[in-house]
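Chemist: Show me the folded form of this:
(one chain, ligands or ions: 1)
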Amino acid sequence: MDFAKIPIEQVKSYWDKRPCNIRHSTKPVGSKDYFNEIEARKYFVEPHIPAFAEFERWKGKKVLEIGCGLGTDTINFARAGATVTAVDLSTESINLAKQRAEVLGLSDKIRFYNCNSEELSKTVPIEIYDLIYSFGVLHHTPHPDVALAEIRNYAKPGTEIKIMMYYKWSWKVFWILAQEGFRFSQTEALIAKHSEAQTGCPVTYVYTKKSLTEYVEKQGFEVKDIFVDHIFPYFIPDYVQYIYRREWYFAWMPRPLFRWLEKWLGWHLCVTAIAR
Ligand SMILES: C[S@@+](CC[C@H](N)C(=O)[O-])C[C@H]1O[C@@H](n2cnc3c(N)ncnc32)[C@H](O)[C@@H]1O
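Modeler: Below is the predicted model of the structure:
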């Protein structure tokens, strides 16, 4: 599967049709309650995010977020006192994220840009940031190397970068292959098909610790920390009804064993690196 050949318009259209986490709430879209529920569900299901992002640490600092989606993390950086620049390819997502900032009274802390990270400097003025943050985004762009080379323009020595990419040796990849009858020759296409809530994501690369380390080092970032986390444990037919019942094979598992498994076979590969 050659993801590099996928046109960026196809990627944009996929995310415009169903912005990430858009169904995390049943409240009227765009209301304060809607955004609050989205945040509650996101951090309930992905509780490792606040610890990885370290929102409080960026108080008084400048944060550039690539691929903000509906802006859950964006809002939390701003709430903690950071000045944020948030970028997303999807017009639908960025419009909702903007509305969220207005509804929550944080518009003066966040600048939004609707653009492709592979051409970031065409739209986003080059300024130096303290933190560049991108959670679950760069593996969805056809040319992740081009995107990171663009992002590098916004870093000086000491700038921190925090990126989450999907992990190759994960429970989720095993689960996808099991669903699809272990058609190993089509692994890449099957991962992309099932990587998101909405099937048919056009581009989803997966990384190992080694390949993600190489990815950031190539652009002059030195890895400070890299770890794996997050297995989605819930029974999907219930989950879409907002009921949190674990799959039978996780329900019996003692929580410490489940956490151990997440640390080995989690779907989220999180790296923190510093620009040289
Ligand atoms: C899985 S969502 C993650 C959103 C957000 N970071 C979060 O954690 O909720 C992936 C996001 O990446 C964005 N995206 C994909 N390719 C992009 C690109 N080349 N430039 C900017 N954003 C991109 C999509 O529009 C989508 O909002």
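
Chemist: what's the span of stretch 190-210 from first residue to last?
Modeler: 22 Å (Cα to Cα, to the nearest Å).

Chemist: Just the buried positions in it, please.
Modeler: For stretch 190-210, the buried set under the neighbour-count rule, 16 or more other Cβ atoms under 10 Å, comprises 190-196, 201-207, 209. The way it works is simple: take the backbone N, C-alpha and C, and place the C-beta from them, glycine included.

Chemist: Repeat that for stretch 56-76.
Modeler: 58, 61-76.

Chemist: dump the residue contacts of the one residue in the stretch 51-200 of the chain that gets nearest to the ligand.
Modeler: As assessed by Cβ to the nearest ligand atom, the ligand sits closest to Gly69 within the stretch 51-200 of the chain, at 2.7 Å. Applying Cβ atoms under 8 Å, 6 or more residues apart in numbering to Gly69 gives the contacts 19-21, 88, 90, 93, 97, 137.

Chemist: same deal with Tyr242?
Modeler: Residues near Tyr242 by Cβ under 8 Å, 6+ apart: 26, 41.

Chemist: and it, helix, strand or coil?
Modeler: Recorded secondary structure, Tyr242: coil (DSSP: H, G, I helix; E, B strand; the rest coil).

Chemist: picking up where we left off before, what about the buried residues of stretch 56-76, which are in helices?
Modeler: Cross-referencing those against helices under DSSP state H gives 72-76.

Chemist: Report the entries of those that also contact the ligand.
Modeler: Thr72 (Cβ under 6 Å from any ligand atom).

Chemist: thinking again about what came up before, just the contacts of Gly69 now: which is nearest Ser13?
Modeler: Closest to Ser13 out of the contacts of Gly69 is Ser90 (9.0 Å), distances taken as Cβ to Cβ.

Chemist: and the residue nearest to that closest one when sequence neighbours are not counted, what pLDDT?
Modeler: Spatial nearest neighbour of Ser90, chain neighbours left out: Trp15 (3.8 Å); criterion: Cβ to Cβ, 6 or more residues apart in numbering. Note on Trp15: pLDDT of 97.

Chemist: check which helix or strand covers Trp15.
Modeler: Applying DSSP states H and E as the criterion places Trp15 in helix 8-17.

Chemist: and that helix, what does it pack onto?
Modeler: Applying 3 or more Cβ pairs under 8 Å, 6 or more residues apart in numbering; DSSP states H and E, we find helix 8-17 packed against helix 91-103.

Chemist: and the next helix or strand along the chain from the helix it packs on, does that touch the ligand?
Modeler: Per DSSP H and E, the first helix or strand lying C-terminal to helix 91-103 is strand 110-114. No. Using Cβ under 6 Å from any ligand atom, strand 110-114 stays clear of the ligand, coming no nearer than 8.9 Å.

Chemist: pLDDT of strand 110-114, averaged?
Modeler: Strand 110-114 carries an average pLDDT of 98.

Chemist: Tell me how far it lies from the chain's centre.
Modeler: Distance, stretch centre to chain centre, for strand 110-114: 17 Å (Cα atoms, centre = their mean, to the nearest Å).

Chemist: and if you look at stretch 195-203?
Modeler: 13 Å.

Chemist: hmm, who's touching it?
Modeler: In contact with stretch 195-203 (Cβ under 8 Å, 6+ apart) are residues 3, 6, 10-11, 14, 17-18, 20, 23, 139-142, 166, 172, 176, 192-193, 204.

Chemist: hey, where'd the strands end up in the stretch 1-150 of the chain?
Modeler: Secondary structure of the stretch 1-150 of the chain by DSSP state E, counting those that start in this stretch: the strands cover 62-66, 83-88, 110-114, 131-135.
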